[in-house]
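Novice: A structural model of the following input is requested.
(one chain, ligands or ions: 3)
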Amino acid sequence: MEDYNLQTLGEFTIEKQNDFKYTSGELSRLLSAIKLASKMVNREVNKAGIANITGHAGKTNIQGEDQQKLDILAHNIFIEALSQREVVCGIASEESDDFIEIQPSKNGHLSKYIVLIDPLDGSSNIDVNVSVGTIFSIYRRISPPGSPVKIQDFLQKGICQVAAGYVVYGSSTMLVYTTGHGVNGFTLDPSLGTYYLSHPNITFPKTGKIYSINEGNYIKFPQGVKDYIKHCQKEEEDRPYTSRYIGSLVSDFHRNMIKGGIYIYPSTSQSPNGKLRLLYECNPMAFLAEQAGGKCSDGEKRIMEITPSALHQRVPFFCGSYSMVKKAEQFIREAQRQIL
Ligand code: AHG
Ligand code: MN
Ligand code: MN
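Specialist: Ligands and ions are numbered 1, 2, ... in the order given. I've put the predicted structure just below:
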């Protein structure tokens, strides 16, 4: 029998419950439902190639993007796991036009939490066996308990998040999350189906040597972003940096947080708000990044202070090692100053 001598995710969340005053254990139960759903998605992702669940589902989501079979499967798994356990009163998902209201249980109990989720991030990588992920963000509802959830419950600023995290279905499967007391990473032992605390207290290196951006869009980028890319490529001091872009935000973020780096999905001439969604991609990543000592902005202002106006709202995204994001912002400001 192998002896990891490591704490399990279940043990960890219960221990950390005491960080919160007046805790009812509801958040631990919610995290436990996410943990279970992630193992089910992991199972599906692992057998994707042999189970005829790769490829397009033949539908598009509200954002006009092709839905993959696994997008829908992962969405259904998370919705089921969360709605059957009295752990949330509402869920918003990338794969659902509107938010989903959860009915009170038979004993009338209704949780105070809402979840926003990207059930499967990096869908375009599914068919080619490249890492994909899940991103989640948790808030306390602001409407009165017991009443139906409202859109305002979902349109809260990122700074109001209670917890956020992601699962990366990679060469190993990891769940990384924060409740506002640092960031911790757990690796799944697939033979036991148990997550173990493998990466306690993850911190973003203050600087790094990796920049991640889809350079195929270069000519459509704002001048400040073009200038920053040239800065990354310049032979000077610790540069040129290395370019690494997987095309799964979760995986690109995870690598950068471990090694040090910056991820950018900027506005383009065709998409002035970029591509990534504020509520279930950028805010949870921003919470994690800041908790790990990194930085996250839309190029000008802090992501978590943006007031959301729509569920599927997009936002330009600059995220990573503190000094790298700060530098990128400087280039943006400088380019704007030149225009004025
Ligand atoms: P999703 O699969 O949930 O729609 O997200 C895809 C996102 C993100 O994971 C990734 O970083 C980005 O799209 C890649 O976009 P490009 O292919 O435009 O670079
Ligand atoms: Mn995504
Ligand atoms: Mn997705």
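Novice: so how far is ligand 3 from residue 247?
Specialist: 12 Å (CB to the ion, to the nearest Å). Where C-beta positions appear, they are placed from N, C-alpha and C, glycine not excepted.
Novice: where's that residue, which helix or strand?
Specialist: Per DSSP states H and E, residue 247 falls between elements, in no helix or strand.
Novice: Next up, the contacts around it.
Specialist: Neighbour list for residue 247: 122, 124, 125, 130, 214 [criterion: CB atoms under 8 Å, 6 or more residues apart in numbering].
Novice: how about the most centrally placed residue in the chain, secondary structure?
Specialist: By CA atoms, centre = their mean, the mean C-alpha position of the chain lies nearest to residue 135, the distance being 3.6 Å. Classification of residue 135 by DSSP: H, G, I helix; E, B strand; the rest coil places it in strand.
Novice: Now it. Nearest residue, chain neighbours left out?
Specialist: In space, and not counting its chain neighbours, residue 135 is closest to residue 118: 4.3 Å by CB to CB, 6 or more residues apart in numbering.
Novice: Wait, a helix at the one you found?
Specialist: No: counting by three-state DSSP, residue 118 is not part of a helix but strand.
Novice: Give me the number of neighbouring residues for it.
Specialist: If you count neighbours by other CB atoms under 10 Å, residue 118 ends up with 28.
Novice: correct me, but it touches residue 278?
Specialist: No: using CB atoms under 8 Å, residue 118 is not in contact with residue 278; the gap is 11.4 Å.
Novice: follow-up on the earlier one: now do the contacts for the residue nearest to residue 135.
Specialist: Residue 118 neighbours (CB under 8 Å, 6+ apart): 93, 94, 133, 134, 135, 136, 277, 280, 281.
Novice: again, only this time at 6 Å
Specialist: By CB atoms under 6 Å, 6 or more residues apart in numbering, the contact set of residue 118 is 94, 135, 280, 281.
Novice: For residue 227, see how far away it is.
Specialist: Noted for residue 118: a distance of 30 Å to residue 227, by CB to CB, to the nearest Å.
Novice: Likewise for residue 296?
Specialist: When residue 296 is compared with residue 227 (using CB to CB), they lie 20 Å apart.
Novice: which one of the two has more residues nearby?
Specialist: More crowded of residue 296 and residue 227, by other CB under 10 Å: residue 296, with 24 against 17.
Novice: any idea of the pLDDT on the more buried one?
Specialist: We have a pLDDT of 98 for residue 296.
Novice: For the stretch 101-250 of the chain, which segments are assigned as strands?
Specialist: Assigned by DSSP state E, counting those that start in this stretch, the strands in the stretch 101-250 of the chain fall at 113-121, 132-140, 163-169, 173-178, 183-189, 194-199, 210-212, 242-243.
Novice: Quick one: mean pLDDT for the first one?
Specialist: Which is strand 113-121. Here strand 113-121 scores 97 as its mean pLDDT.
Novice: ok, now the shortest one?
Specialist: Confidence over strand 242-243 (mean pLDDT, whole number) is 98.
Novice: Kindly provide the distance from the residue nearest to the centre of the chain to residue 17.
Specialist: For residue 135 relative to residue 17 (CB to CB), the value is 23 Å.
Novice: Beta-bridge partners for the nearest residue to residue 290 once chain neighbours are set aside, please?
Specialist: Nearest residue to residue 290, sequence neighbours excluded (CB to CB, 6+ apart): residue 296, at 6.4 Å. With DSSP bridges as the criterion, residue 296 is bridged to residue 319.
Novice: now residue 296: how far from residue 274?
Specialist: 13 Å.
Novice: Next: residue 132.
Specialist: For residue 132, the distance to residue 274 - CB to CB - is 20 Å.
Novice: Who has more neighbours out of these two?
Specialist: residue 132 (28 against 20).
Novice: Dihedrals phi and psi, the nearest residue to residue 208 once chain neighbours are set aside?
Specialist: Nearest residue to residue 208, sequence neighbours excluded (CB to CB, 6+ apart): residue 260, at 2.4 Å. Recorded main-chain torsions at residue 260 are phi 100, psi 130, according to degrees, to the nearest 10.
Novice: All set now, cheers.
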